[in-house]
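Undergrad: below: sequence and its predicted model.
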2 protein chains.
Amino acid sequence: MREIPDIVVGRLPVYLRALSRMIHEGQQVTSSKELGERLGISSAQIRKDLSHFGEFGKQGTGYQIQYLVEQLQRILKVKEEWKVALIGVGDIGHALTHYNGFVNRGFRIVALFDSDPKKIGSLVNGLIVIDAAKLVDEIRARGLKVAMLAVPAEKAQEVANKLVEAGIEGILNYAPINLSVPPNVRVQHIDPVIHLQRMTFYINS
Amino acid sequence: MREIPDIVVGRLPVYLRALSRMIHEGQQVTSSKELGERLGISSAQIRKDLSHFGEFGKQGTGYQIQYLVEQLQRILKVKEEWKVALIGVGDIGHALTHYNGFVNRGFRIVALFDSDPKKIGSLVNGLIVIDAAKLVDEIRARGLKVAMLAVPAEKAQEVANKLVEAGIEGILNYAPINLSVPPNVRVQHIDPVIHLQRMTFYINS
DNA sequence: TAGATTGTTAATCGATTAACAATC
DNA sequence: TAGATTGTTAATCGATTAACAATC
């Protein structure tokens, strides 16, 4: 298989989300034109992106949404649920344990970690908070590959190092700091301020 | 001024965050090389990006971080605090009201809205939850331009329409759905699943 | 059949990088 | 002065788009 550009991979989850939504709305078939209009993307780009992975449509009629969704799930490896570790059970961590947007999209939080003695052992949304000191052993024992990092900026790099040691290969980082990890580990950032600042550039107060 | 590419604007907040961190760590001067290594970006790209806005460095020595931070804050219009409306005081909304990452980065939540009668009138982190039915009037009266949207997917488009009507020009959308808004309104998405799926593509379970 | 839409090619467009004169 | 690093140009690289044959 040729090398897939990162930017293409980045759009696939967006396609998947929109297509899932269409199914949710009862739609069965769509076209690159329609999907593109929904997303503000050209139809040519959608077809080009998909063409990296195969031929999923039919001339004249477009795409069976259910089929395309399954293909995208397969490509993104989310047909089976990933078991995810969550480190840091503060406000963000708490909100993530309650977040119902993971259901049916390929992820389930199965382990909570915190270093606060007051939180360790307590039950949060049905999961026991484990001592962060046991993080490496626990994650390794369970074979987890994906983690969400919701600890203070000061601790983020330190915890990230332990995650890497534990065999984690994907880190969703909520700390407003740039993590340094080996090349085989993927990091994605979620920082609301970054997005807000991207918008204010264009807005006149 | 020439038109600035979106992709360049998108990197400025990342530079700002890293530079602020350097100050926090006591550093006073940096170079495009050093900053680039921290961020995994080429030094040439950083210099090119900055050159869209002026000359901020000195040959041989690099950049005074404090000065560059101030310039980026000015460019991104975050020298003064933006007053932000938050719609939806569920788990995510709650976490956002407690989030201390907004401080000194240009944003402050000043108004909470929800349509749940049980929540309306209650106090969340010092702010009274206002009836979402009053959203348009309240936002307009306060002249708010930026909003965070943390309502269920089903209601997101409907609320977004009201935000636009109220004069909001930037929406940070936490609902996993693509909003349709007029071209003068900026939308940014935060959807953890999108980021997770971007990573799992590369990870072998 | 006529209309619609795919997958793909080639052309265009835009972003990144390498290189270097300028200069601190 | 020698070394370092900027801002900028030109070259390279890669992504997007337009166009269209194929075909449902």
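TA: Nice, I can see it.

Undergrad: the residue nearest the centre of chain A: which element?
TA: What sits nearest the mean C-alpha location of chain A, by Cα atoms, centre = their mean, is residue A:172, with 7.1 Å. According to DSSP states H and E, residue A:172 maps onto strand A:170-173.

Undergrad: strand partners of that strand, parallel vs antiparallel please.
TA: Sheet pairing for strand A:170-173, assigned by DSSP bridges, gives strand A:146-149 (parallel), strand A:186-189 (parallel).

Undergrad: farthest residue from the center of chain A?
TA: Largest separation from the mean C-alpha position in chain A: residue A:60, at 33.8 Å (Cα atoms, centre = their mean).

Undergrad: what's next to stretch A:176-192, contact-wise?
TA: Residues outside stretch A:176-192 that contact it (Cβ atoms under 8 Å, 6 or more residues apart in numbering or on different chains) are A:149, A:153, A:156-157, A:160, A:164, A:168-174, A:193-194, B:14, B:17-18, B:21, B:38-39, B:96, B:99, B:101-102, B:148, B:172, B:190, B:192, B:195-196, B:198-199, B:202-203. Any C-beta I mention is one placed from the backbone N, CA and C, and that applies to glycine too.

Undergrad: what residues of it count as buried?
TA: Buried positions in stretch A:176-192, judged by neighbour count with 16 or more other Cβ atoms under 10 Å in any protein chain shown: A:176-179, A:181, A:185-192.

Undergrad: with stretch A:196-205 instead?
TA: In stretch A:196-205, counting by 16+ other Cβ under 10 Å, buried: A:196-203.

Undergrad: what strand or helix carries residue A:46?
TA: Short version, using DSSP H and E: residue A:46 is in helix A:43-51.

Undergrad: alpha carbons of that helix, as CSV, please.
TA: Included here for helix A:43-51 are C-alpha records, laid out as CSV according to Å, rounded to 0.1, in the frame of the first residue of the first chain:
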residue,chain,number,x,y,z
SER,A,43,-16.4,16.5,-3.9
ALA,A,44,-13.2,15.8,-5.7
GLN,A,45,-11.3,15.8,-2.5
ILE,A,46,-13.6,13.3,-0.9
ARG,A,47,-13.3,11.0,-3.9
LYS,A,48,-9.6,11.4,-4.0
ASP,A,49,-9.2,10.7,-0.3
LEU,A,50,-11.3,7.5,-0.5
SER,A,51,-9.5,6.3,-3.6
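
Undergrad: any bit of that helix sitting next to chain B?
TA: No. Legend: contact between helix A:43-51 and chain B by Cβ under 8 Å from any Cβ of the partner chain is lacking; minimum distance shown is 12.7 Å.

Undergrad: try stretch A:131-143
TA: No. Applying Cβ under 8 Å from any Cβ, one finds stretch A:131-143 out of contact with chain B, separated by at least 9.1 Å.

Undergrad: hmm, who's touching that stretch?
TA: For stretch A:131-143, the surrounding residues in contact (Cβ under 8 Å, 6+ apart) are A:83, A:85, A:87, A:110-111, A:113-115, A:120, A:130, A:147, A:159, A:162-163, A:165-168.

Undergrad: could I have that stretch exported to PDB, CA atoms only?
TA: In PDB, the C-alpha atoms belonging to stretch A:131-143 read as follows (Å, rounded to 0.1, in the frame of the first residue of the first chain):
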ATOM      1  CA  ASP A 131      -2.900   4.900  42.200                       C
ATOM      2  CA  ALA A 132      -0.900   6.500  39.400                       C
ATOM      3  CA  ALA A 133       2.200   4.800  40.900                       C
ATOM      4  CA  LYS A 134       0.800   1.600  39.500                       C
ATOM      5  CA  LEU A 135       0.200   3.000  36.100                       C
ATOM      6  CA  VAL A 136       3.000   1.300  34.200                       C
ATOM      7  CA  ASP A 137       2.200  -2.200  35.600                       C
ATOM      8  CA  GLU A 138      -1.600  -1.900  35.200                       C
ATOM      9  CA  ILE A 139      -1.500  -0.600  31.700                       C
ATOM     10  CA  ARG A 140       1.000  -3.200  30.600                       C
ATOM     11  CA  ALA A 141      -0.900  -6.000  32.300                       C
ATOM     12  CA  ARG A 142      -4.100  -4.900  30.500                       C
ATOM     13  CA  GLY A 143      -2.400  -4.400  27.200                       C
END
